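Colleague: Fold the following, please.
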Amino acid sequence: RVALDDAAARGPVFELLRALPLDELKIDATTVRRGCAADADLLDRLALRTVVEAAQALDLPTVAKGVEQRNMLPALAALGVRAAQGFALHRPEPLG
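Modeller: The predicted structure is shown next:
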């Protein structure tokens with residue numbers, strides 16, 4: 001399985017979406033935090049929505065990284081994000 005990590009963080013993400021045989025798209029934490037913030041401006045919301053819609057157009061599941069507050073979950077779900085990772089869901093654990 002192949003996942004594109006930190007989507008929207010930098011670079012031409014749409015060219016990567018076309019070129020790589022991806023199984024899922026992981027949206028970078030900064031885009032998630034800014035797009036879900038209560039005081040998010042139009043561009044922050046648009047950046048998040050655009051990445052999610054691009055993944056949906058390619059039938060790729062999305063994972064939102066950096067979900068630190070549970071109040072971010074409804075906004076992500078409304079966009080169609082299928083999974084999330086971050087402190088709001090579970091704290092990191094030792095491997096052993």
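Colleague: For the rest of this, base every contact and every neighbour count on C-alpha atoms.
Modeller: OK.
Colleague: Now for the protein, the helix or strand with the poorest mean pLDDT.
Modeller: The least trusted helix or strand in the chain, going by mean pLDDT, DSSP states H and E, turns out to be strand 3-7, with a mean of 74.
Colleague: Which residue would you name as the spatial centre of the chain?
Modeller: Closest to where the C-alpha atoms of the chain average out (Cα atoms, centre = their mean) is Ile27, at 2.6 Å.
Colleague: quick one: average pLDDT of the longest helix along the chain?
Modeller: Determined from DSSP state H, the single longest helix within the chain is helix 42-57. Average pLDDT, helix 42-57: 92.
Colleague: ok, back up a step: just to check, the residue nearest to the centre of the chain is in contact with Val63?
Modeller: Yes - look at Ile27 against Val63 with Cα atoms under 8 Å: they come within range, at 6.1 Å.
Colleague: quick revisit: who does the least confident helix or strand of the chain pair up with?
Modeller: In the sheet, strand 3-7 lines up against strand 24-27 (parallel) (DSSP bridges).
Colleague: What values do phi and psi take at Ala84?
Modeller: Per-residue torsions, Ala84: phi -140, psi 160 (degrees, to the nearest 10).
Colleague: Just the pLDDT at the residue lying closest to it once chain neighbours are set aside, thanks.
Modeller: Nearest non-adjacent residue to Ala84, counting by Cα to Cα, 6 or more residues apart in numbering: Ala64, 4.5 Å away. Reading off the confidence values, Ala64 has pLDDT 96.
Colleague: Val2 now?
Modeller: So, for Val2, pLDDT stands at 79.
Colleague: same question, Ala75
Modeller: Here, the pLDDT recorded for Ala75 equals 93.
Colleague: same check, this time on Ala9
Modeller: Reading off the confidence values, Ala9 has pLDDT 53.
Colleague: how far away is the closest residue to Asp5 other than its chain neighbours from Arg82?
Modeller: Distances taken as Cα to Cα, 6+ apart put Lys26 closest to Asp5, at 4.8 Å, once the chain neighbours are dropped. The spacing between Lys26 and Arg82, counted by Cα to Cα, to the nearest Å, is 10 Å.
Colleague: Show me the common contact partners of those two, please.
Modeller: Applying Cα atoms under 8 Å, 6 or more residues apart in numbering, one finds that Lys26 and Arg82 are jointly contacted by Thr62, Val63.
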